[in-house]
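K.L.:
return atomic coordinates for the entry below.
(chains A and B)
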Number of protein chains: 2
Amino acid sequence: MTSEAGCERAGAARETAADKLIRYAEMMEEALASYIPDCAFPESKVAEAMAYSLLGGGKRIRGALVLAFYRLWREDVRPALPFACAMEMVHAYSLIHDDLPCMDDDDLRRGKPSCHVAYGEAIALLAGDALLTLAFEAMAGAGRADALSGEGVLRAIKCLANAAGVGGMIGGQAIDLEQEGKPTPPALLSRMYSAKTGMLIGAAAMVGCVLAGAGEEEQSAAIDFAGCIGMAYQIVDDILDVTGDEALLGKPVGSDDDNKKSTFVGLFGLESAAREVMLLHGEAKKALGRLPGDTGFLAGLADILADRKA
Amino acid sequence: MTSEAGCERAGAARETAADKLIRYAEMMEEALASYIPDCAFPESKVAEAMAYSLLGGGKRIRGALVLAFYRLWREDVRPALPFACAMEMVHAYSLIHDDLPCMDDDDLRRGKPSCHVAYGEAIALLAGDALLTLAFEAMAGAGRADALSGEGVLRAIKCLANAAGVGGMIGGQAIDLEQEGKPTPPALLSRMYSAKTGMLIGAAAMVGCVLAGAGEEEQSAAIDFAGCIGMAYQIVDDILDVTGDEALLGKPVGSDDDNKKSTFVGLFGLESAAREVMLLHGEAKKALGRLPGDTGFLAGLADILADRKA
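P.N.:
Modelled structure (predicted):
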């Protein structure tokens, strides 16, 4: 069996960031499939619903960040793979729950019916719950890899839980819903964006650092990088909701407007939004200068995210 | 400050199991309140909804099992307290999600409006998600207590995640919903009960053992004890749904029948159900004989659960 590290060296010369993202995504896809348990209940659809939403789609940005940051210090990324998978499980659960009728009520996700449209609301709710739970099981079960310290694994679990919790992603999502139809002050919008999207992206970078044993200053550079690309990611989402191509996005445009949501574009206009993305992109690149190792992939990833059409 | 261990010695002579359960519940209540974060978003109701469902109610059986099993080997139960709290957070989240309209659609819980009736469906869904996430954050954050090993903490996290996941509580809940209105074979009903209720109760016992460093044979006795009281607990639930007092239960009786659910009572009748509870109760007591230390509280707890009216 060729080691991941071996592959990485052999292909490094000609591998673009887009290629590497695909390669990381393929590693994750295989690992994620192995986590969906042979359900104790063949009578139930819930494991199938988990697989439906978790596998075969998504850019795997969050998982790739775990691997890429870990890779700055360690040659073989495989010990970090369960954590990259956990990040993607948490992301998938959040999309299932966000799409539910009582939340954003979205029928389409990545060009196919949302989980609750395919499996019904109750099973979709449980599939989301199960993916969140599985994320923690996967991380706790990875603790025995020789490359990782128990303390590093516990810090990684705490970091992900904190970013996904009520002070992070869930809090941001709650504010997003509670602010619907109301004018949102710019400062609150910015905090909401940071919590809803930025903190999980930040946690992905941090988890990679923490597992690899990075120092405080390096962790701080990682957080700065992730904070900028996370905020840019959310603003690009707003832009695409106005100017995007429904076929590429796999979901209808104009939903923010339909849901009476305050967005960066709504508050400041398309031109300011595009300028802000450029600024954040520049800041992200600058933060990479404070990190060791080959940061080429992370720079390329920042480019891909700023230029994305879907 | 008087240590918990000190209190325990002083009061041991006169303290009944019911008293001790109340004392453990009070310890948990205080700790649980401290976990509800000063929400990053005072604009949002989600932290309030978490507190509404987590605090001020419940028998705290699962958390008490963590403490009681840990106590068989260790004098001071405080290092296990974050894990007892995590167990109660997972239990509270499961009740919030179970009560949602797309699930059991229950408007009352412990004599007060269900979380979604009080806060709306979206906030209730997010409060449940946040409590599940907080459970793992609490456990991972407890890893630095001197009394606990990092490996023990990771095993405890894995154990809880496994029992709460698709092969345990979530799988059992899914089957329960998917079987509504269909005749359920007794073997499936038994597996469903074990998954829906028994596995989390078993995990509570196991977490106490694992944190205290118990051996394999002792863990196996703990699992046998918890398996029996877990199954008995579910059958008592079925009995109370037919014969219970609505005022004591804090919820309407007859809901299993209304929801066309297969239950032990429905399949075998009240008399067989009561006999099965007695048998399981005897088995549970027998399993205690294979455990070290003072198992008096656990025996008393088994009595309380078998005789409960709510």
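
K.L.:
centre-most residue in chain A?
P.N.:
The centroid of chain A falls nearest to residue A:62 when counting by CA atoms, centre = their mean (3.5 Å).

K.L.:
and that one, what helix or strand is that in?
P.N.:
helix A:61-71 (DSSP states H and E).

K.L.:
for that helix, give the mean pLDDT please.
P.N.:
For helix A:61-71, mean pLDDT is 98.

K.L.:
who's in contact with that helix?
P.N.:
Under the criterion CB atoms under 8 Å, 6 or more residues apart in numbering or on different chains, residues A:8, A:21, A:24-25, A:27-28, A:77, A:79-81, A:83-85, A:87-88, A:90-91, A:200-201, A:204-209, A:211-212, A:214, A:222, A:226, A:233, A:293, A:297-298, A:301, A:305 lie in contact with helix A:61-71. From N, CA and C alone the C-beta is placed, and that goes for glycine too.

K.L.:
over to stretch A:21-34?
P.N.:
With CB under 8 Å, 6+ apart as the test, stretch A:21-34 has contacts from A:4, A:7, A:11, A:15, A:51, A:54-56, A:58-61, A:63-64, A:67-68, A:77, A:81-82, A:84-85, A:88-89, A:297, A:301, A:304.

K.L.:
CA atoms of that stretch as PDB?
P.N.:
What follows is stretch A:21-34, C-alpha atoms only, in PDB (Å, rounded to 0.1, in the frame of the first residue of the first chain):
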ATOM      1  CA  LEU A  21      -8.500  19.400  -2.600                       C
ATOM      2  CA  ILE A  22      -9.900  16.600  -4.700                       C
ATOM      3  CA  ARG A  23      -7.400  14.100  -3.400                       C
ATOM      4  CA  TYR A  24      -8.100  15.100   0.200                       C
ATOM      5  CA  ALA A  25     -11.900  14.900  -0.600                       C
ATOM      6  CA  GLU A  26     -11.400  11.400  -1.900                       C
ATOM      7  CA  MET A  27      -9.500  10.300   1.200                       C
ATOM      8  CA  MET A  28     -12.300  11.700   3.300                       C
ATOM      9  CA  GLU A  29     -15.100  10.200   1.200                       C
ATOM     10  CA  GLU A  30     -13.600   6.700   1.700                       C
ATOM     11  CA  ALA A  31     -13.200   7.200   5.400                       C
ATOM     12  CA  LEU A  32     -16.600   8.800   5.900                       C
ATOM     13  CA  ALA A  33     -18.300   5.800   4.200                       C
ATOM     14  CA  SER A  34     -16.600   3.500   6.600                       C
END
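
K.L.:
which ChimeraX command selects the buried ones in the contacts of stretch A:21-34?
P.N.:
Selection of buried members from the contacts of stretch A:21-34 for ChimeraX, criterion 16 or more other CB atoms under 10 Å in any protein chain shown:
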select /A:4,15,51,54,55,58,59,60,61,63,64,67,68,77,81,82,84,85,88,89,297,301,304
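
K.L.:
rewinding a little: out of the contacts of helix A:61-71, which sit inside helices?
P.N.:
Per DSSP state H, helices hold the following members of the contacts of helix A:61-71: A:8, A:21, A:24-25, A:27-28, A:81, A:83-85, A:87-88, A:90-91, A:200-201, A:204-209, A:211-212, A:222, A:226, A:233, A:297-298, A:301, A:305.

K.L.:
residue contacts, residue A:173?
P.N.:
Per CB under 8 Å, 6+ apart, neighbours of residue A:173: A:94, A:98, A:103, A:196, B:126.

K.L.:
hmm, the second one is touching residue A:106, no?
P.N.:
What it means is residue A:98. Yes: under the criterion of CB atoms under 8 Å, residue A:98 makes contact with residue A:106 at 7.4 Å.

K.L.:
between those two, who's got more neighbours?
P.N.:
When neighbours are counted by other CB atoms under 10 Å in any protein chain shown, residue A:98 and residue A:106 differ, and residue A:98 comes out ahead with 22 against 18.

K.L.:
and the angle for the helix or strand where that one lies with helix A:61-71?
P.N.:
In this assignment (DSSP H and E), residue A:98 forms part of helix A:81-99. Helix A:81-99 and helix A:61-71 are oriented at 160 degrees to each other (axes from the mean of the first three to the mean of the last three CA atoms, to 10 degrees).

K.L.:
helix A:81-99 and chain B in contact?
P.N.:
Yes: Helix A:81-99 reaches chain B (CB under 8 Å from any CB of the partner chain) through A:93, A:97.

K.L.:
from residue A:142, how far off is the residue in chain A that chain B sits nearest to?
P.N.:
Closest approach between chain A and chain B, counting by CB to the nearest CB: residue A:150, at 3.0 Å. Look at residue A:150 and residue A:142: by CB to CB, to the nearest Å, they are 11 Å apart.

K.L.:
quick one, strands of chain A?
P.N.:
With strands called from DSSP state E, chain A shows them at A:108-109, A:112-113.

K.L.:
pull up the per-residue confidence for residue A:11.
P.N.:
On the pLDDT scale, residue A:11 gets 47.

K.L.:
returning to that earlier point: helix A:199-212 and the helix holding residue A:98, what's the angle between them?
P.N.:
170 degrees.

K.L.:
any idea how far helix A:81-99 is from the middle of the chain?
P.N.:
With CA atoms, centre = their mean, to the nearest Å as the basis, helix A:81-99 stands 7 Å off its chain's centre.

K.L.:
pLDDT of it, averaged?
P.N.:
Mean pLDDT, helix A:81-99: 97.

K.L.:
just stretch A:253-262 next, same as before
P.N.:
In this model, stretch A:253-262 has a mean pLDDT of 78.

K.L.:
and what of stretch A:273-280?
P.N.:
For stretch A:273-280, the mean pLDDT works out to 95.
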